[in-house]
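S.K.: Take this sequence and fold it.
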Amino acid sequence: MNSADSKYDRLFLSTAWRGHEISRGASSGDLERRLRELEQRAADLNLERETVHLAVELAALEPALDDDARFALIVLIVITMAALAQGSTRFPVAGDASREPMEQMLAALAGSGRDRLRASIAALLANNLAPRIIGRQPSDRLPLLFLDPFIAHQRSLRLERRLVDSIVALSAGERGLKPSDVRGAIDDVIARPSMQENRRVELSHEQRRAIETAATGRFAIISGGPGTGKTSIVVAIVRVMARLGIAPGEIALSAPTGRAAFRMRESVAQALARIAEPSPEDDALRAAGLDAATVHRLLGYSPERRTFMHHRGNPLAARVVIVDEGSMLDLALMERLAGALSADAQLVLLGDADQLPSVAAGAVFRDLAPSDRNHPLFKFGVRLTRNYRTRAESPAGSAIVEVCRRINAGETDLSEAIAMRANAEAVEFGGVEMTSGLDGFLDRWEREQVAGDGEIAATVEREFSLEGGTMSADEGPALARLFEHRARARLLCVTRVGAAGSDAINARMHRRALRGAKTLMRSHPFVPGEPVIVLRNDYERELFNGDLGVIVNARDADGRRFLAAVFNRGDTFAAFRLETMRDLIEHAYATTVHKAQGSEFDLTALILPDRDLPLLTRELLYTAISRCRRAATIVGDPQFFTAGVARKLERYSGVADALSARLAPPAARQLGFDF
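M.R.: Residues are numbered from 1 along each chain as shown. Purely as a prediction, here's the structure:
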């Protein structure tokens with residue numbers, strides 16, 4: 001019995017149809033057949049059967065509908081849930097704008113009967129046949145709102161309105177600083193650069209413009225791809241703010257994930273420590289030891305109560321809030337953050353507008369960082385274009401940058417930019433290459449990128465001494481070498497499931513590791529040397545979702561042997577007994593592209609699925625290839641890659657339109673653009 005069946009059993013129901021039969025009485029066999037078919041088809045949109053059950057229960061609030069209208073309402077409710085699961089906060093269901101998206105939804109949910117169903121949905125909306133469920137005005141307090149041509153969940157629309165209100169207030173705010181004071185503060189920061197590898201960290205013109213934008217107003221959004229210097233900008237903004245009278249304790253650094261927050265804190269601390277000639281303000285920042293927290297932690301989220309300590313009635317004390325990896329922010333979290341700012345606070349968001357948006361609903365960073373120069377928010381944003389991480393003089397690095405640029409532009413013919421290799425053995429691991437034959441490629445990857453040289457093999461078999469939860473200092477270099485080897489390369493997958501998904505590839509790599517283990521471990525879930533990834537935040541252990549670790553043989557002070565999961569903590573390594581970690585970690589030979597957001601590797605291999613999937617989009621391909629510094633190999637059917645480049649991720653959101661209308665000049669609003 002699967003999980004869906006067991007959930008229905010707990011409801012004393014066998015199917016959504018049975019629930020309808022109990023609540024409304026028996027109806028036609030045709031409706032029963034269509035409901036049963038809908039339950040089966042919902043899985044194609046990554047929906048559970050309970051979704052259909054919920055839609056049936058909601059539709060029961062309209063008792064007077066005939067079978068066609070009732071089924072149309074049920075499907076319409078399911079469509080709104082599918083759209084939300086795919087990240088959209090609203091969905092077009094009427095007019096020309098709905099033609100293609102509705103065709104895709106109905107093809108999945110109704111197959112050959114989609115034309116009849118679309119006509120029924122159109123009649124349902126046109127004749128207002130579900131007034132107890134579907135509202136027609138933004139102020140209606142009903143589950144769904146039909147604001148032609150979109151339908152939306154009332155909660156999503158409410159969150160969007162609140163966020164728009166907050167951004168409008170931020171964009172209207174001024175700090176009242178003299179331009180000469182801002183320029184002077186920036187000039188002083190530039191005159192006292194941080195050093196990296198005995199080189200001055202210089203700020204480009206576009207970086208300076210980003211810093212000035214952040215310093216002068218209450219809202220700034222800075223977008224740039226990997227290697228465009230966003231970390232340097234964060235450090236410079238913090239230093240400029242200090243020179244403009246903001247105390248270290250009034251600056252809050254944050255990121256959506258624990259891993260990104262930890263990296264932000266470490267990067268800022270290291271950059272401040274490398275200032276050759278620090279000013280008194282720089283010394284104060286160093287002494288304060290600026291922390292960085294997840295957005296949830298910054299807002300005081302309580303998992304037990306599911307509430308936030310900071311909100312409109314109890315705002316944050318911080319005068320400046322700087323958030324990195326902004327593309328990961330979903331609508332609900334961004335609304336919470338913007339609403340928790342004090343009346344005079346500044347908000348600076350940094351991220352990559354071209355990257356995959358948040359896993360949950362919304363495309364907030366993209367909506368707030370419009371590329372259209374005519375959009376009223378354009379003046380609050382800066383787009384970074386220069387790549388500092390991948391050197392222009394490196395042919396491999398240049399190829400990666402160029403392919404990413406062309407993917408973003410939607411160029412499907414990349415035959416000149418991507419080197420085609422006949423098989424896995426012909427792959428050179430330089431620049432961007434493409435090959436087919438997953439089995440052969442994984443064989444070579446395991447042999448060269450996983451197994452490593454003799455030194456790595458010896459380290460995998462080595463027994464490390466554990467002292468007080470950390471590895472002994474003299475064993476640090478060996479562990480560092482193993483971590484460096486494991487962190488340099490990663491297999492990236494479009495999904496977790498399927499033969500080309502991360503679950504299957506991790507299982508395959510684990511079976512190889514079991515066969516190669518010197519100690520007989522049979523079906524043990526982890527063996528020494530395997531890479532692992534943390535699945536959720538664990539503040540007590542200071543482990544965060546996405547943190548990477550390695551399994552090692554360990555021995556405690558009493559000579560007892562055990563397996564440990566080890567994680568890098570800068571100059572040391574934290575170790576935890578494996579038996580206490582099993583529900584917190586999983587194998588990390590391969591991860592989904594979504595999981596890899598914010599990470600960097602020397603080499604990546606993108607494993608394409610064995611069939612074309614809607615998840616395979618331009619944004620996903622860009623995110624995957626831009627993760628690497630030296631080599632990106634695409635493994636799979638070139639036709640699927642081309643289809644992915646052509647398919648732009650479409651998330652339907654009302655934030656950008658509402659902001660454009662609210663911030664438009666008065667003359668434009670008088671012409672009817674204010675809605």
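S.K.: ok, residue 333 to residue 365 distance?
M.R.: Residue 333 sits 12 Å away from residue 365, taking C-beta to C-beta, to the nearest Å as the criterion. All C-beta spots, glycine's among them, are computed from the backbone N, C-alpha and C.
S.K.: When the two are compared, which one has more neighbours?
M.R.: Taking neighbours as other C-beta atoms under 10 Å, residue 333 and residue 365 compare with residue 365 leading, 25 against 22.
S.K.: which residues touch the nearest residue to residue 173 once chain neighbours are set aside?
M.R.: Distances taken as C-beta to C-beta, 6 or more residues apart in numbering place residue 218 nearest to residue 173, at 3.6 Å, with adjacent residues excluded. Shown in contact with residue 218 (C-beta atoms under 8 Å, 6 or more residues apart in numbering): 170, 171, 173, 174, 175, 344, 345, 346, 347.
S.K.: Okay, buried residues for whichever strand or helix holds the first one please.
M.R.: Applying DSSP states H and E as the criterion places residue 170 in helix 154-172. The neighbour-count check on helix 154-172 (16 or more other C-beta atoms under 10 Å) flags 154, 156-157, 159-160, 162-164, 166-168, 170-171 as buried.
S.K.: Which stretches in the stretch 151-300 of the chain count as strands?
M.R.: Using DSSP state E, counting those that start in this stretch, the strands of the stretch 151-300 of the chain run over 195-196, 199-200, 219-224, 251-255, 292-294.
S.K.: Can I get those in CSV including distance to residue 456 and mean neighbour count?
M.R.: Formatted as CSV, the strands of the stretch 151-300 of the chain follow (distance: least, C-beta to C-beta, whole Å; neighbours: other C-beta atoms under 10 Å):
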stretch, distance to residue 456, mean neighbour count
strand 195-196, 28, 12
strand 199-200, 31, 10
strand 219-224, 35, 26
strand 251-255, 32, 23
strand 292-294, 32, 22
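S.K.: Would you mind saying which of the ones you listed lies nearest residue 286?
M.R.: Distance to residue 286, taken as C-beta to C-beta, is lowest for strand 251-255 among those, at 13.2 Å.
S.K.: Test my guess that residue 142 contacts residue 133.
M.R.: Yes - using C-beta atoms under 8 Å, residue 142 is in contact with residue 133, at 6.1 Å.
S.K.: coming back round to it: and the residue nearest to residue 173, how far is that from residue 498?
M.R.: As defined by C-beta to C-beta, residue 218 lies at a distance of 46 Å from residue 498.
S.K.: Name the residues that touch stretch 644-651?
M.R.: 86-89, 101, 356-357, 362-363, 366, 407, 410-412, 414, 608, 614, 616-621.
S.K.: again, but for stretch 425-435
M.R.: For stretch 425-435, contacts defined as C-beta under 8 Å, 6+ apart pick out 395-396, 399-400, 403, 417-424, 440-441, 444, 603, 625, 630-635, 638, 641.
S.K.: Tell me which of those residues fall in strands.
M.R.: 419, 420, 603, 630, 631, 632, 633, 634, 635 (DSSP state E).
S.K.: So the second one versus residue 238, what's the distance?
M.R.: Distance check for residue 420 against residue 238: by C-beta to C-beta, it reads 46 Å.
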